[in-house]
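Chemist: Requesting a structural model of the entry that follows:
(3 chains)
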Amino acid sequence: MISSYTILFTVSFEMVLPKRFYQKPTTELAKALLGLVLVHQSPEGYASGIIVETEAYLFKNDPACHAARGKTPRNTAMFGEAGYSYVYQIYGMYYCINVVSGPVDFGEAVLIRALKPLKGIELMQQRRNTNKNKNLCSGPGKLCQALAINRSHNMLNLRSSDLKLYKRKGSQEVSHQDIVCTTRIGINQGKELPLRFYIKNSEYISKP
DNA sequence: GGTGGGATTAGCT
DNA sequence: GCTAATCCCACCA
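Modeler: So this is what the prediction gives:
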């Protein structure tokens, strides 16, 4: 009885977003993802966090975008359907996760840069080998480590996989006034473009 | 509190 | 070969 009640409770408070939500322009999606929850239900357990920082990567006039020079084996996911994941390895040892946006073949995506830890904090502490919650998911490589996201999670449907995005029922869209826009972090080209977004006053964003 | 270098590997040129 | 949408730790102040 208790477990079935729990399942109903959980389902009713996790709202998967429709496909069209992801088909909007990439900079719009980058802002719209703020406040949503990213969750990974893995064999080890459940871990989730609220998205507090994102970056948009555009096909046109954005040399930092992996898709800017056309489709390759690595960036194929960016040319696929909106609402799917694009996960790639960086610096030989870390992973970053993006949410594909726009129409098929558009070649754009949103990098998830930081989460506010929500559930499974103990598991995330083990995976990250720290008990400082502000250091669990405050960077794109960190959050993938905390949620155990790796190359096997590339090109997954984020509406129906063990790795999923959802909106907390009753949660409000983050208001325009609470979103800060800056230039992106950790890139050598396209540094001047204002495509990084984060929730104002969040203690869980990454540091440049 | 701030900085400099090392780890480590797939994918591109 | 070289680079990369990063992170961590040792070391200095």
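Chemist: so where's the longest strand in chain A?
Modeler: Looking across chain A with DSSP state E, the single longest strand is strand A:45-57.
Chemist: which residues sit in contact with the spatially closest residue to residue A:35 that is not a sequence neighbour?
Modeler: Using Cβ to Cβ, 6 or more residues apart in numbering and skipping residues adjacent in sequence, the residue nearest residue A:35 is residue A:174, 4.3 Å away. Just so you know, the C-beta spots here come from the backbone N, C-alpha and C atoms, and that holds for glycine as well. Residue A:174 makes contacts with A:31, A:34-35, A:199, as judged by Cβ atoms under 8 Å, 6 or more residues apart in numbering.
Chemist: so residue A:174, which of the three states?
Modeler: When classified by DSSP: H, G, I helix; E, B strand; the rest coil, residue A:174 comes out as coil.
Chemist: The one 3 residues further on too?
Modeler: Applying three-state DSSP to residue A:177 yields a three-state assignment of helix.
Chemist: tally of neighbours for it?
Modeler: For residue A:177, the neighbour count with other Cβ atoms under 10 Å is 7.
Chemist: How about the contacts made by it?
Modeler: By Cβ under 8 Å, 6+ apart, the residues touching residue A:177 are residue A:200.
Chemist: What score does residue A:166 have for pLDDT?
Modeler: pLDDT for residue A:166: 97.
Chemist: which non-adjacent residue is nearest the residue most central in space within chain A?
Modeler: The centroid of chain A falls nearest to residue A:112 when counting by Cα atoms, centre = their mean (3.3 Å). Of all residues not flanking residue A:112 in the chain, residue A:97 sits nearest, at 5.4 Å (Cβ to Cβ, 6+ apart).
Chemist: same check, this time on residue A:182
Modeler: For residue A:182, the spatially nearest residue (Cβ to Cβ, 6+ apart) is residue A:196, at 4.8 Å.
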